[in-house]
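Q: heads up, no residue letters with this:
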RNA sequence: GGCGGGAUAGCAAAGUGGCCAUGCAGUUGAUUGCAAAUCAAUCUACCUCGGUUCGACUCCGGGUCCCGCCUCCA
């Protein structure tokens, strides 16, 4: 029985799909004006893992992850670069896809972009005006802007647990005479001269950030769907506003279950663009493999804060080496025993709000069993267990590579294997001559290159440390 | 100020009212020419003060400290 923490109810709810056997899920993706950082990587990996597990559990999942490819930051960055905004976004969409692939993140079923969804967006804004939930700007200054009237939506604040009075009491909401209420937010933003724009009933302009997600999600998944996810920082105001827009426009419940992943931190402080304390996925990929980053992310429960430190990536590296080492040299069958006790333990862990750390513990238990069987010479039994290990790891998007290849490839450039093989052959010769000094010298030489040797059963295998 | 999350061994990180998490690191043994890998054994825990209980790291209450949201952010 799958339980998922629901931000709406603030507890773990038993997951019950709207339509039996099917899951419709939407996750807020990137605003593509820069490279993905580790925080983005966490969203990608976490929800990819959720989708993989739902599919493993037998659900037919439709996974939608959008791209925000028009907004103020994009326009600002394009101006800085003196390039067309669409050239900029195209480049970063490409980069994001490459990063996702490195992290073992499967493509979503649909990836709508804001600029490709203008009719739907404009349509929804018009509906909100028609139904009395939106109005055009109150001053000359904002001519062509359309705002959402927060006071017209009675449930406003339910997701974030905020009250309108409390929000208004906050000193940080600036006065804006274009709006009725400082909390009202923009649905359609009039274009300034030279800005990219789309025609609308209110003049040339572009959508506000929140409306595009409402429009794209309902467009792809219908008015009412199962799961909506994103980073914790989107809970307010972004997701709160999405609910207000969608429910006001359609008159239906928008989403049953809201999932929010915790932040990535550095030195106990949130990693973010505004603080400037972020690492891009690309930077980290120079030193670590995508799978190591993925393991690092999954080693913490998705709602907990995830502190970044090189040591933790090193840790992920050693842990993954252990698992791959276990599979190495075994001819692992594709079929696995679904009745293995580990399968049940794994499911229990994942059914409990995607407890990946506990699921990983199950993997290490299995690895221990496989190694013990190998030591006992029970190769067939070892392979059967290994099949379970591999299958369950695959559900987490791990251990998908060929162990031999994985262990012999580095994070960055791989220096040629021929030289390594030649040195190993020379060492073999020295060992046969019982010239231990020479054999050890060669091993030290390889060690300096980051190559570790393992002698077993009269053969020598190598891997990168 | 309002609302929310947390404090677990050297480092990370799960979890449970009474019995082993797990990974890395450490120690010892097996194995090895020596290593590595692996196996076995083992040392380090549950912020603090009260309460409930036969028994609490786990439940309840007070305290201390940390973090997040309330503004663009995954």
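A: Good, I have the coordinates. The structure displayed is predicted, hence computed values, not measured ones.
Q: Where do the domain boundaries of chain A fall?
A: A:3-261, A:266-408, A:417-464 (automatic domain parsing).
Q: what's in contact with stretch A:386-395?
A: For stretch A:386-395, contacts defined as Cβ atoms under 8 Å, 6 or more residues apart in numbering pick out A:52-53, A:56, A:323, A:326-327, A:330, A:332-337, A:340, A:342-343, A:346, A:350, A:359, A:362-363, A:366-367, A:370, A:399-400. Quick note: C-beta positions are derived from backbone N, CA and C, even for glycine.
Q: Try it again at 6 Å.
A: The list of residues contacting stretch A:386-395 from outside it, by Cβ atoms under 6 Å, 6 or more residues apart in numbering, reads A:52-53, A:56, A:327, A:330, A:332-333, A:336, A:340, A:342, A:346, A:363, A:366, A:370, A:399-400.
Q: Which members of those come out as buried by neighbour count?
A: A:52-53, A:56, A:327, A:330, A:332, A:336, A:340, A:342, A:346, A:363, A:366, A:370, A:399 (16 or more other Cβ atoms under 10 Å).
Q: Widest-spaced pair of those?
A: The distance between the two most remote of the buried ones among the contacts of stretch A:386-395 (Cβ to Cβ) is 25.0 Å, for A:53 and A:330.
Q: Excluding sequence neighbours, find me the nearest residue to residue A:427.
A: In space, and not counting its chain neighbours, residue A:427 is closest to residue A:442: 4.1 Å by Cβ to Cβ, 6 or more residues apart in numbering.
Q: Specify the local secondary structure of residue A:4.
A: Of the three states, residue A:4 takes strand under DSSP: H, G, I helix; E, B strand; the rest coil.
Q: pretty sure it is touching residue A:16, no?
A: No: counting by Cβ atoms under 6 Å, residue A:4 does not reach residue A:16; the two are 10.3 Å apart.
Q: Who has more neighbours out of these two?
A: Between residue A:4 and residue A:16, residue A:4 has the larger neighbour count (other Cβ atoms under 10 Å), namely 21 against 11.
Q: Which strands or helices does the one helix or strand residue A:246 maps to pack on?
A: Element membership for residue A:246 (DSSP states H and E) is helix A:240-250. The contact analysis (3 or more Cβ pairs under 6 Å, 6 or more residues apart in numbering; DSSP states H and E) places helix A:240-250 against helix A:118-130, helix A:209-221.
Q: Let's have those in CSV, adding distance to RNA strand B and mean pLDDT.
A: Conversion of those to CSV gives the following (distance: least, Cβ to the nearest atom of the strand, whole Å; pLDDT from 0 to 100):
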stretch, distance to RNA strand B, mean pLDDT
helix A:118-130, 15, 97
helix A:209-221, 5, 97
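Q: Low-confidence ranges, the stretch 151-300 of chain A, go.
A: A:170-175 (pLDDT under 70).
Q: and it, which residues reach RNA strand B?
A: A:160-163, A:166-167, A:169-170, A:172-173, A:185, A:209, A:230-238, A:261-265, A:268-274, A:299-300 (Cβ under 7 Å from any atom of the strand).
Q: Filter these down to the ones in helices?
A: Of the positions in these, A:166-167, A:169, A:209 sit in helices, assigned by DSSP state H.
Q: are any of those buried, and which?
A: Listed as buried from these are A:167, A:209; burial here means 16+ other Cβ under 10 Å.
Q: Which one of the ones in helices among the residues of the stretch 151-300 of chain A next to RNA strand B is nearest to residue A:20?
A: Comparing those against residue A:20 with Cβ to Cβ places residue A:209 closest, at 34.3 Å.
Q: For the closest one, give me its contacts.
A: By Cβ under 6 Å, 6+ apart, the residues touching residue A:209 are residue A:71.
Q: for residue A:53, same thing?
A: Here residue A:53 is in contact with A:350, A:395 (Cβ under 6 Å, 6+ apart).
Q: re the thing from before, in helices only, show me the buried ones among the contacts of stretch A:386-395.
A: Using DSSP H, the subset of the buried ones among the contacts of stretch A:386-395 located in helices is A:52-53, A:56, A:327, A:342, A:346, A:363, A:366, A:370.
Q: Wait, residue A:205 touches residue A:191, no?
A: Yes: using Cβ under 6 Å, residue A:205 makes contact with residue A:191 at a distance of 5.0 Å.
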